[in-house]
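Participant: Let me see the structure of the following:
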Amino acid sequence: MENQPEEILQAPPASPLESILASIQQSLVDSRTTGVQHAEAINTLVNELRMNRTRLERLENQVRPLQANTTPVTSASYASTVPENTTVPENTVVTSHRPKPRLPDPKEFDGEDVVQYPAFRQKLRAKLTVDALALGSERDQAHYVYGRLAGRAADRLLPWITSIEATTPLAFTVQNLLDQLDKAFLDPNLRTKAISKLSILRQKNRDIGEFLAEFDQHIIQSGGMLWADDVKMSYLYNAINPRLLQGLIGTAPTASYDDFCSKLRLIEEQINRAQRAAKYVTGRSSSVQLPSPSNAIRNSVEPMDWEPTRVGAVRPSSHQRKYAERVSPQEIERRRTNKLCLRCGGEGHFINKCSLLPPERTTHPKSPRVAAIEGLSSVSENEEISGKE
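Facilitator: Here you go, the predicted model:
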């Protein structure tokens, strides 16, 4: 009777079906846990792959410039350049020959004339761009830039280069070196000075081609390449010489700055041709004399001093004859009475064969008395000529 309660408390044995269900339930729990673990592992692998891809891209970007300057060589070609019994260290990279430079070296800049620095800088930029492979790495190019400096310019940058190479060698680059050159030699007021120069620039006697080169240089320095054509033409119009200004009279206006420059070149060429033709004519015939502008104006205003000449009469050329002196009416009357030349007062000839020219006309206003004397003289001479005829 005492052992009966113990038998009642013992659980009945599980049936085969219940055991199977419990096993299945435990397998599901285990598979769920395993699936979560697998998902976490997969996510970890994906993240690692992404990181590796990023690292690989960075390495490719670093290796690509090196591949442009270095090429692997075969053992046969390398062995021909290495002496016998020579041990080659591991990881040795043999560089190929650099290509030949295509541009000449810019002229050394000594820093004495800062006006020449912008042109030197542009030539240096062109050299570094075109012959980058021939110059080598970034550091080699920076050393090349310093090698094109001389005198004051080289002394100016030497302390900076020494300090950079001692502290931060990676900062010794072409751009940093050019920045130091700009601070030292690039005029911050270059644009203002160029604009002021444009206002006072004059061509004078220079050739238009030479003058336009200087004019365009000041336009570029002043930042005026984007100016309106009317503005540039206005500056140029005020700078050309009077000869070209006179040649522009009567020509059609131009719409663009380039057309205006072409017109000025054409006008100057036409003027030079006319001068060469006049010089040629003057050299071939000594009797042909081209009057100066002042004489041309004077001759167009004053009346022609004309005298009738008999056929076959020979008279000295006008540039070899002298002018007669003005005389009083009493002297004219005396010469007429004594049958002398009314112009010079000489004997043996009359006015139509006199070697002197009529009295030179005055340019200032004539008084009534002088006008009366000249009128009397001209009347008397004409009377004598008509009487002789």
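
Participant: Poorly predicted segments of the protein, please.
Facilitator: For the chain, applying pLDDT under 70 flags the ranges 1-17, 68-96, 282-320, 361-389.

Participant: Domain map for it?
Facilitator: The chain breaks down into these domains under automatic domain parsing: 114-185, 190-284, 323-357+374-389.

Participant: Mean neighbour count added to those, as TSV?
Facilitator: For glycine as for every other residue, the C-beta is placed from the backbone atoms N, C-alpha and C. Output for the domains of the chain, formatted as TSV (neighbours: other CB atoms under 10 Å):
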stretch	mean neighbour count
domain 114-185	15
domain 190-284	14
domain 323-357+374-389	15
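
Participant: would you list the ones you listed in JSON lines and tack on distance to residue 56?
Facilitator: As requested, these are exported to JSON lines (distance: least, CB to CB, whole Å):
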{"stretch": "domain 114-185", "distance to residue 56": "23"}
{"stretch": "domain 190-284", "distance to residue 56": "46"}
{"stretch": "domain 323-357+374-389", "distance to residue 56": "104"}
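
Participant: Can you tell me which of those is nearest to residue 25?
Facilitator: Among those, the nearest to residue 25 by CB to CB is domain 114-185 (65.0 Å).

Participant: and that closest one, how far from the chain's centre?
Facilitator: Distance of domain 114-185 from its chain centroid, counting by CA atoms, centre = their mean, to the nearest Å, is 23 Å.

Participant: Stretch 243-258 now?
Facilitator: Taking mean C-alpha positions (CA atoms, centre = their mean), stretch 243-258 and its chain are 23 Å apart.

Participant: what's the answer for stretch 349-356, then?
Facilitator: Stretch 349-356 has its C-alpha centroid displaced from the chain centroid by 67 Å (CA atoms, centre = their mean).

Participant: Kindly check the end-to-end length of it for me.
Facilitator: End-to-end distance of stretch 349-356: 12 Å, with CA to CA, to the nearest Å as the criterion.

Participant: the strands in the stretch 151-300 of the chain, which residues?
Facilitator: In the stretch 151-300 of the chain, no segments count as strands under DSSP state E, counting those that start in this stretch.

Participant: Please, where are all the helices along it?
Facilitator: Counting by DSSP state H, counting those that start in this stretch, the segments of the stretch 151-300 of the chain that form helices are 151-167, 174-185, 190-200, 208-221, 229-239, 242-247, 257-284, 293-301.

Participant: Same list (those) but as TSV, adding distance to residue 33.
Facilitator: Shown next, in TSV, are these (distance: least, CB to CB, whole Å):
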stretch	distance to residue 33
helix 151-167	58
helix 174-185	58
helix 190-200	75
helix 208-221	76
helix 229-239	82
helix 242-247	97
helix 257-284	83
helix 293-301	113
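
Participant: closest one to residue 62 among the ones you listed?
Facilitator: Comparing those against residue 62 with CB to CB, the closest turns out to be helix 174-185 (18.5 Å).

Participant: Run through the neighbouring helices and strands of that closest one.
Facilitator: Counting contacts by 3 or more CB pairs under 8 Å, 6 or more residues apart in numbering; DSSP states H and E, helix 174-185 is packed against helix 117-130, helix 138-147, helix 151-167.

Participant: Longest helix of this structure, counting residues only.
Facilitator: For the chain, the longest helix by residue count, based on DSSP state H, is helix 16-69.

Participant: That one versus helix 138-147: what angle between them?
Facilitator: 30 degrees (axes from the mean of the first three to the mean of the last three CA atoms, to 10 degrees).

Participant: what's the spacing between helix 16-69 and its chain's center?
Facilitator: Centroid separation between helix 16-69 and its chain, computed with CA atoms, centre = their mean, is 64 Å.

Participant: Ok, which of the helices and strands packed on helix 174-185 comes nearest residue 220?
Facilitator: Counting by CB to CB, residue 220 lies closest to helix 117-130 out of these; the figure is 8.9 Å.

Participant: What's the first helix or strand after the closest one?
Facilitator: As assigned by DSSP states H and E, the chain's next helix or strand after helix 117-130 is helix 132-135.

Participant: Looking at the helices of the stretch 151-300 of the chain, spot the one closest to residue 126.
Facilitator: The nearest among the helices of the stretch 151-300 of the chain, by CB to CB, is helix 174-185 at 13.1 Å.

Participant: Nearest to residue 110, out of the helices of the stretch 151-300 of the chain?
Facilitator: For these, proximity to residue 110 was assessed by CB to CB; helix 151-167 is nearest, at 3.5 Å.

Participant: Spit out the contact partners of the nearest residue in space to residue 185 that is not next to it in sequence.
Facilitator: Leaving aside its chain neighbours, residue 185 sits nearest to residue 117 (4.3 Å; criterion: CB to CB, 6 or more residues apart in numbering). The contact partners of residue 117, by CB atoms under 8 Å, 6 or more residues apart in numbering, come to 109, 111, 181, 185, 186.

Participant: again, only using 7 Å
Facilitator: Residue 117 makes contact with 109, 185, 186, according to CB atoms under 7 Å, 6 or more residues apart in numbering.
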